[in-house]
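Asks: Prediction below, plus the sequence it came from.
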There are 2 protein chains.
Amino acid sequence: MKTPAVIAALAALAHEYRLAIYRLLVEQGTGGLPAGAIGDRMGLQPSSLTFHLQALQRAGLISQQRASRQIIYSADYDTMNGLVGYLTDNCCAAEGAACCPAPSARAARTARRKKAA
Amino acid sequence: MKTPAVIAALAALAHEYRLAIYRLLVEQGTGGLPAGAIGDRMGLQPSSLTFHLQALQRAGLISQQRASRQIIYSADYDTMNGLVGYLTDNCCAAEGAACCPAPSARAARTARRKKAA
DNA sequence: TTGACCTTTCGAGAATTCTTGAAATATCGT
DNA sequence: ACGATATTTCAAGAATTCTCGAAAGGTCAA
């Protein structure tokens, strides 16, 4: 995951409503949720909801799919994996720093991520 | 780590300069770096640099310490750990979702975090 | 094809964030 | 105490993000 994409994902999640929407969609799993249902739970105006959904989508955190009249949104787990990978990798660059996951866990996660990419 | 703090940390990192500054400080380890040296490397105006350093500091991602005339900034790893923990915990809330680190790694990280808090 | 439903688009205004230069603060060496 | 160095504060303006209401775009059922 490149730095501009990381910044986009961070910015997308750095908002009360968007973080809540994303968490809600993660809970829903691959089934996702139609826009209207999201708006109801969040108490958001339709146009405001679309604004935030688009922000999440541009960042690659969620994706949409039309189902007749409704538009179903669901979480894109890959982007979150990439984000967490970037943050953990860049968290412990200094050797011996008292931080983050233990080296073994970090190595395992890096290997898994490289395979996925 | 509570949601407002998570949003603050995400917002602080969601900016080109601030993410670069944070990464630079992480590389430096506990020794940190004086404000001037950060500004030189980033090519930032002093007042702009202070603005961004304060944003990172308010989010708990970095801390400062005076050393005679200079002010040394260094990364606060705990907040990043908390942020990564929050993101990983909330990434795989749906059971069986094809996402994030394997359950065992997640459990280990959660246990470590709880101990630290 | 008409009307109802669900969602997005558009435009305007409010709020927030970012940048910049000038002035202020704090520390040091002389 | 004075001048130099390092950084922050302040105020103003530019840029961006967010919210809201009205209108438009698809999709379905009759």
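Replies: Looks like it arrived, so ask away. As the structure is a prediction and not an experimental result, all values here were calculated from the model.
Asks: where's residue A:11 relative to residue A:76, distance?
Replies: Remark: distance between residue A:11 and residue A:76 (Cβ to Cβ, to the nearest Å) = 16 Å. Placement of C-beta: from N, CA and C, glycine included.
Asks: ok, now residue A:54?
Replies: Counting by Cβ to Cβ, the gap from residue A:54 to residue A:76 is 14 Å.
Asks: ok, these two, which is more surrounded?
Replies: More neighbours surround residue A:76 than the other of residue A:54 and residue A:76, with 20 against 13 (other Cβ atoms under 10 Å in any protein chain shown).
Asks: quick one, phi psi at that one?
Replies: With angles defined as degrees, to the nearest 10, residue A:76 sits at phi -100, psi 100.
Asks: Could you find the closest non-adjacent residue to it?
Replies: Spatial nearest neighbour of residue A:76, chain neighbours left out: residue A:63 (5.4 Å); criterion: Cβ to Cβ, 6 or more residues apart in numbering or on different chains.
Asks: Just give the number of residues close to that neighbour.
Replies: Neighbour count for residue A:63, taken as other Cβ under 10 Å: 15.
Asks: Just the pLDDT for it.
Replies: With respect to pLDDT, residue A:63 scores 97.
Asks: How about the one 10 residues further on?
Replies: Here the pLDDT value assigned to residue A:73 is 98.
Asks: again with residue A:113
Replies: 51.
Asks: how is chain A carved up into domains?
Replies: Chain A breaks down by automatic domain parsing into domains covering A:3-76, A:79-116.
Asks: So which residues of chain A form helices?
Replies: With helices called from DSSP state H, chain A shows them at A:3-13, A:16-28, A:35-42, A:46-58, A:77-89, A:103-116.
Asks: returning to what we had before: doesn't residue A:56 make contact with the residue nearest to residue A:76?
Replies: No - Residue A:63 lies out of contact with residue A:56 (Cβ atoms under 8 Å); the separation is 9.4 Å.
Asks: For DNA strand C, give me its nearest residue in chain A.
Replies: Closest residue of chain A to DNA strand C, Cβ to the nearest atom of the strand: residue A:36 (2.1 Å).
Asks: Quick one: name the residues of chain A near DNA strand D.
Replies: Within chain A, the positions adjacent to DNA strand D are A:11, A:15, A:17, A:44-48, A:51-52, A:55, A:66, A:68-69 by Cβ under 7 Å from any atom of the strand.
Asks: so who does the residue nearest to residue A:59 when sequence neighbours are not counted touch?
Replies: Closest residue in space to residue A:59, ignoring its immediate chain neighbours: residue A:12 at 3.6 Å, by Cβ to Cβ, 6+ apart. Residue A:12 is in contact with A:18, A:22, A:55, A:56, A:58, A:59, A:61, counting by Cβ atoms under 8 Å, 6 or more residues apart in numbering or on different chains.
Asks: where does chain A have low pLDDT?
Replies: Residue ranges of chain A with pLDDT under 70: A:91-117.
Asks: let's see 50
Replies: For chain A, residues meeting the criterion pLDDT under 50 lie at A:93-97, A:100-107, A:112, A:114-117.
Asks: Alongside DNA strand C, which residues does chain A contribute?
Replies: For chain A, the contact set with DNA strand C under Cβ under 7 Å from any atom of the strand comprises A:34-37, A:39, A:46-47, A:49-51, A:53-54, A:64, A:69-71.
Asks: Using ChimeraX, define a selection of the buried residues within those residues.
Replies: Buried subset of the residues of chain A next to DNA strand C, written as a ChimeraX selection, criterion 16 or more other Cβ atoms under 10 Å in any protein chain shown:
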select /A:34,35,39,49,53,64
